[in-house]
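Chemist: below is the sequence, then the predicted model.
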Amino acid sequence: MMLEIAALVLLGGTAIIRLPTLWRGRRQRIMWAIIFVAALTQAAVLPPVAARIGLTILPHLLGVLMAFLLLRFTALLAGTGGLRRQVALTAAVLVTLNVLAWVSGGIDTGAPALNGDLPGTAVAYWVVLEGFLATVLLIVAPMFWRVARDAPAGLPRLGLRTIAVGQVLVALYAAEKSALIAAHSMGAPIDFTAVEPIALTVQSVGTLLAIGGALVPAARRTRSAVSAYRSLLVLRPLWTAMRDAFPEVILFSPRRAVIELAGVDDVHLRLYRRVIEIRDGMLALRPYLPANPPEPEGRRPAADPAAIEAGGIALALRRRADGQPAGEAGEWARVGPEMADEVAWLSRVSRAYRRLPLSPPAGAVPTPRPSGSVR
């Protein structure tokens, strides 16, 4: 039970986290659909949920749908077609399962029911279901293993191979269950109350491995995205000052900015734009920066150059509010050449700027800002 709950939590969390990938292309949409349907399937097999739904074959139908999505995903990876054949086969399996369940008067999925005398329609139901799932997974798993050979060494390759191993374990569970039910219908003495818990553990482990393998290649991207989010927050005080003084430097509306905070690549793009917006504001502010601005009180230039830059920004903002351009404009610190250098330096400046005892200059007229900005 604990493994099933762990798999459900992992699947549900992954589906939520990967929601922004729905806008990234067909492969990402199918991958998200696989994870989402897997989460629904895992939820439907939990006893409290199954008892409330009252439809014992629902997890099986969802499993068939997930197998179809896996076929579509591997077809896209391999660059092959076959959509019509896959749809036709999946539809045939779904119709067959529903007809067999209706003819047999319902399918009892519990182990005690499997120990009894199963009607031929129930045996056919299990053989069709588990046989289809095992066949699909044994087709898909080698595909992931082959793709792993060409993947970059390290986490991407490890993740793909872990997916393949997990799929093989789930396929073995399906094949074993189908074979045991068929053998039991022919008179073999099989105790499903003893076999089924072990088989379900194998299935849950395989599911967790497949999910974990799908998450492994994203670990590096996740760390990078978290770092970008953190940089956005650190840069916010400095960016806010530039936005309030020069709203025209903002590249996109607040609503667009919310959307761009959703995806892994989008947050890096937003960070890039935030740096540009800060630099554009500093460029517009430069005519108000004296060539030799006074040092921040209590600090030495050699001790913290970022504090000197932050003090210059605060001074220039006050002079601009008072309408006092500098006779001889100064210059901001030169940074680069990489964007990472800009982010690191401006982050230091933003931290120092936030610590300055700033107050609005007397008589200053507040500059209109974008309403409700969350950026």
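Modeler: Arrived safely, thanks for sending. Keep in mind the model is a prediction, meaning the values are calculated, not measured. Numbers count the residues shown, from 1 in each chain.

Chemist: for the stretch 101-250 of the chain, what spans make up the helices?
Modeler: 111-115, 120-150, 155-185, 192-215, 218-245 (DSSP state H, counting those that start in this stretch).

Chemist: out of the ones you listed, flag the one nearest Met66.
Modeler: helix 120-150 (8.7 Å; C-beta to C-beta). (Each C-beta comes from the backbone N, C-alpha and C, glycine too.)

Chemist: by contact count, what packs against that closest one?
Modeler: helix 58-78, helix 83-103, helix 155-185 (3 or more C-beta pairs under 8 Å, 6 or more residues apart in numbering; DSSP states H and E).

Chemist: about what we covered before: make a markdown table from the helices of the stretch 101-250 of the chain and add mean pLDDT and distance to Arg355 to it.
Modeler: As requested, those are exported to a markdown table (pLDDT from 0 to 100; distance: least, C-beta to C-beta, whole Å):
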| stretch | mean pLDDT | distance to Arg355 |
| --- | --- | --- |
| helix 111-115 | 72 | 65 |
| helix 120-150 | 88 | 49 |
| helix 155-185 | 87 | 38 |
| helix 192-215 | 80 | 38 |
| helix 218-245 | 83 | 9 |
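
Chemist: these: which one's closest to Leu46?
Modeler: Nearest of the helices of the stretch 101-250 of the chain (C-beta to C-beta): helix 192-215, 11.8 Å.

Chemist: list the helices and strands the closest one packs on?
Modeler: Using 3+ C-beta pairs under 8 Å, 6+ apart, helix 192-215 sits against helix 2-17, helix 26-44, helix 111-115, helix 155-185.

Chemist: would you mind giving the helices of the stretch 101-250 of the chain as TSV with mean neighbour count added?
Modeler: Formatted as TSV, the helices of the stretch 101-250 of the chain follow (neighbours: other C-beta atoms under 10 Å):
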stretch	mean neighbour count
helix 111-115	15
helix 120-150	19
helix 155-185	20
helix 192-215	18
helix 218-245	17
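
Chemist: wait, which of the ones you listed is closest to Val45?
Modeler: Of all the helices of the stretch 101-250 of the chain, helix 192-215 comes closest under C-beta to C-beta, at 8.9 Å.

Chemist: can you state the direction angle for that closest one and helix 155-185?
Modeler: Counting by axes from the mean of the first three to the mean of the last three C-alpha atoms, to 10 degrees, helix 192-215 lies at 160 degrees to helix 155-185.

Chemist: redo the helices and strands packed on helix 120-150 as CSV? Include distance to Ile5.
Modeler: Compiled in CSV, the helices and strands packed on helix 120-150 are given as follows (distance: least, C-beta to C-beta, whole Å):
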stretch, distance to Ile5
helix 58-78, 15
helix 83-103, 27
helix 155-185, 18
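
Chemist: Val275 is nearest to which of these?
Modeler: Closest to Val275 of these, according to C-beta to C-beta: helix 155-185, at 28.1 Å.

Chemist: just want the angle from that closest one to helix 120-150.
Modeler: 160 degrees.

Chemist: what helices or strands is helix 155-185 leaning on?
Modeler: By 3+ C-beta pairs under 8 Å, 6+ apart, helix 155-185 packs against helix 111-115, helix 120-150, helix 192-215.

Chemist: swap the cut-off to 10 Å and go again
Modeler: If you count contacts as 3 or more C-beta pairs under 10 Å, 6 or more residues apart in numbering; DSSP states H and E, helix 155-185 packs onto helix 58-78, helix 111-115, helix 120-150, helix 192-215, helix 218-245.
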